[in-house]
Structure formats: structure tokens, C-alpha cells
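*Asks:* missing the sequence, but the structure's below:
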């Protein structure tokens, strides 16, 4: 029995109502675009590696310089403690010589003169050996007072030198390389001549 509906019309209606498949929103990447992206990635990676290499080379150069300085300092200052201990020996030699007045030396017999000369020779030889290891005696008298190398014990009125000049040396100082081994103990002139040569008002 025919209910008045046309099956063919139903099929046509269903066909018209079926949605069409949506187009792919992602465009197909061409081979040239893929190659360009790969090249850019390689360029970025190369730049990163180059930066790391340059940083490593800079760090190695800094390390080399630090190592050279440490080796140089070890050579120059490795004997600091020993040299400082030996300064007492130099002081004793100097005291022994200073305790023989010039008039006593002049009146002394040959034996005493030879003994004093032997002490002088020992002192010169000892200072020469210290010098070979970078230790030198400071010569502050007549120089401007420098707190890095001198220790002021007192002030002395001396018009023959400008104020602030080392006028007296109480105890000799020594340095090793650019470092102070022991500061010279000195007396500093006060109220003396001005540096221009004039006298104070």
C-alpha cells in the first residue's frame, strides 16, 4: 500500500542534507619551505655553538693568565716567611757593627780590625743573597714618608728638609718584589723647609 511518500524523494533529500566534508585548514608545506626552516635552524644552532666556543676560549685564556700569575707569585713570594725570619740575622749583624765606634776601629789592632771587616763582609754577602731572591733593603732616609713602606715612630723638627720627609731611620725596612716584608721604622720631619725650598713663616 502506498502511503503517498516517494522513497526516491527521501533519498534525494538525505543526500542534500548531508554536510560536505570541511577543507583541511593546514596548508601543505612545500619542500622549499621545509628546507628554508631547516637552514634557519642550522644557522641558529651554529650561532649558539660559536658563542659557546668563544666563551670557552675566553675562560681558558683567563685561566691561563691566572695560572701564570700564581706561578710567578709563587716564585717571587715563596720565600717570604723564610726571608722575614732571616731579617733578625741582618739586624744583629748591623747592631754588631754599630756597636764598634769609629774611633775604636781606628785604634784597634789588626785582629779586631779583621774581625770587624769579617762582619761587614758577612753582612754584604747576606744582603746580596737576599737580593737574589727578590728581597731588597728599603732606603727611606730623605724620601717622602710613605705609609705603605714606612712606620712613623715620632716627628722631629728638621728645617733642612720639607715636612713629611723621613729624617731618621730607627730600624731598616725590607721589601720582597712589590710587597713590604717589614716596614722601615722612621722619624718624620715636622715644620721644616717647604718643598719649594723656602723656610716656614
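*Replies:* Sure, I can see it. What you are looking at is a predicted structure, and each value in this text was computed from that prediction instead of being measured.
*Asks:* so where's this protein shaky on pLDDT?
*Replies:* The model of the chain has pLDDT under 70 over residues 1-29, 192-201.
*Asks:* which residues of it fall in helices?
*Replies:* For the chain, applying DSSP state H gives helices covering 7-17, 31-77, 80-98, 102-107, 110-132.
*Asks:* so for residue 188, which of those helices sits nearest?
*Replies:* Of all the helices of the chain, helix 80-98 sits nearest to residue 188, with 21.5 Å by Cβ to Cβ. Heads up, the C-betas are built off the backbone N, CA and C, glycines and all.
*Asks:* hmm, who's touching the closest one?
*Replies:* 116, 119-120, 122-123, 126-127, 130, 133, 135, 171-172, 174, 176, 179, 181-182 (Cβ atoms under 8 Å, 6 or more residues apart in numbering).
*Asks:* please identify which of the helices of the chain is closest to residue 158.
*Replies:* In terms of Cβ to Cβ, the element of those nearest to residue 158 is helix 80-98, at 21.5 Å.
*Asks:* what comes up buried for that closest one?
*Replies:* 80, 83, 86-87, 90, 93 (16 or more other Cβ atoms under 10 Å).
*Asks:* likewise for stretch 130-142?
*Replies:* 130, 133-135, 137-138, 140.
*Asks:* center of the chain, which residue is that?
*Replies:* When Cα atoms, centre = their mean is applied to the chain, the residue found nearest the centroid is residue 69 (8.1 Å).
*Asks:* which one of the buried residues of helix 80-98 sits closest to residue 154?
*Replies:* residue 87 (22.0 Å).
*Asks:* for that closest one, give its distance to residue 182.
*Replies:* As for residue 87, its distance to residue 182 is 6 Å (criterion: Cβ to Cβ, to the nearest Å).
*Asks:* between the two, what contacts are shared?
*Replies:* With Cβ under 8 Å, 6+ apart as the test, residue 87 and residue 182 both reach residue 174.
*Asks:* residue 66: neighbour count?
*Replies:* Using other Cβ atoms under 10 Å, residue 66 is surrounded by 10 other residues.
*Asks:* which ones are touching it?
*Replies:* Counting by Cβ under 8 Å, 6+ apart, there are no residues that residue 66 touches.
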